[in-house]
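Asker: Here is my input, please return the structure:
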Amino acid sequence: MRPDPGIPILHRDRGFVVVDKPTRLLSVPGRGPHKADCVTARVAALIPGATGPMAVHRLDFETNGLMVVALDAPTHRTLSLHFEQRKTSKRYVAILEGEVEGDEGRVELPIIVDWPNRPRQIVDFERGKPATTLWRVIGREAGRTRVEFRPLTGRTHQLRIHAATPRERGGLGAPIVGDPLYGEGMTTERMMLHAEMLAFPCPVTGEWLEFRSEATLDVP
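Answerer: Below is the predicted model:
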C-alpha cells in the first residue's frame, strides 16, 4: 500500500517536523503491507531525503494530535534523549465516560504489557514500570468529564489505563470515551483523546519550542 501523502505539517525545521496526526493512523509501520501507511511514511513521502529512525515518540492509533518526527539520525538521537530524560512537556485533552471525583490530582500506577493479550497493558505493582499522570477537570457535560492530562512519563497506553482503572485502585474510574481496549468500545466515531501541546528544546539551538493543536472533541 502506498502511503497517503496527506498529513498536516505544522512546523518544519532543520532536522525535524511537527505534524498534526489524524486519528486512526499508525505512528510507524505495522507488520504487513496493509499496515504500511503511517505518520513516518507520509512524512517521508512529502520530504525526500528524510532518513534514519524517524519516529521520536508515538501516539496510539486512535489518538490524534501533535507528534515530532526527525528527518535525520543525529536529530533523532538528540530528540530521543530529550524524551528519555523528560526534557519535554506534553498536554492532552480527553473526554471521560462518567463523573470524575475531584477537580485535579495525580495518578501513579505502574504499567506492564499484558503479554497474552497484546497490545493491552495492565497495572502491575511488582513488575510494572513507573507511570505518572497529572490531571485536571476542565468541564463536565452530560454525565461525562472533560480533562486535561499532563503525563510525566511516556508509557504505552498510560493515559488510557490511568483513566480507566477504578478509583479504589488509584485511577480515575472513568475510561476515555470511545476507547476500544479499556472502555466501552467504539461508542463514537473516534476515541476522545487529543495531544494538544508539545514542547521541547530545539535540537540545534537549545531554544524552548512549544507547539499547539486545538482540541476539537465533541461527543454527539
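Asker: Domains in this structure, by residue range?
Answerer: 9-85, 89-214 (automatic domain parsing).
Asker: Just put those domains in TSV and tack on mean neighbour count and mean pLDDT.
Answerer: Where you see a C-beta, it was placed from the backbone N, CA and C, and this is true even at glycine. Below are those laid out as TSV (neighbours: other Cβ atoms under 10 Å; pLDDT from 0 to 100):
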stretch	mean neighbour count	mean pLDDT
domain 9-85	17	93
domain 89-214	17	94
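Asker: So which residues of the protein form helices?
Answerer: 39-46, 73-84, 158-164 (DSSP state H).
Asker: can I get these in a markdown table with distance to Ala195?
Answerer: Listed next are the helices of the chain as a markdown table, based on distance: least, Cβ to Cβ, whole Å:
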| stretch | distance to Ala195 |
| --- | --- |
| helix 39-46 | 12 |
| helix 73-84 | 13 |
| helix 158-164 | 10 |
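Asker: Which one of these lies nearest to Asp114?
Answerer: Nearest of those to Asp114, taken as Cβ to Cβ: helix 158-164 at 10.3 Å.
Asker: tell me which strands and helices the closest one is in contact with?
Answerer: Contact here means 3 or more Cβ pairs under 8 Å, 6 or more residues apart in numbering; DSSP states H and E; on that basis helix 158-164 packs against strand 89-97, strand 121-123, strand 132-141, strand 144-151.
Asker: can you rerun that using 10 Å?
Answerer: Helix 158-164 sits against strand 89-97, strand 104-108, strand 111-113, strand 121-123, strand 132-141, strand 144-151, strand 193-201, with contacts defined as 3 or more Cβ pairs under 10 Å, 6 or more residues apart in numbering; DSSP states H and E.
Asker: For Ser27, find the nearest of those strands.
Answerer: strand 193-201 (11.1 Å).
Asker: other SSEs contacting that closest one?
Answerer: In terms of contacts (3+ Cβ pairs under 10 Å, 6+ apart), strand 193-201 is packed against strand 16-21, strand 64-70, helix 73-84, strand 89-97, strand 144-151, helix 158-164, strand 208-212.
Asker: if you set the cut-off to 7 Å instead, what comes out?
Answerer: Applying 3 or more Cβ pairs under 7 Å, 6 or more residues apart in numbering; DSSP states H and E, one finds that strand 193-201 makes contact with strand 64-70, helix 73-84, strand 89-97, strand 208-212.
Asker: Let's have the ones you listed in TSV, adding distance to Leu10.
Answerer: Shown next, in TSV, are the helices and strands packed on strand 193-201 (distance: least, Cβ to Cβ, whole Å):
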stretch	distance to Leu10
strand 64-70	7
helix 73-84	16
strand 89-97	15
strand 208-212	6
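Asker: Which one, of those, ends up nearest to Phe200?
Answerer: Proximity to Phe200, assessed across the helices and strands packed on strand 193-201 by Cβ to Cβ, is greatest for helix 73-84 (5.1 Å).
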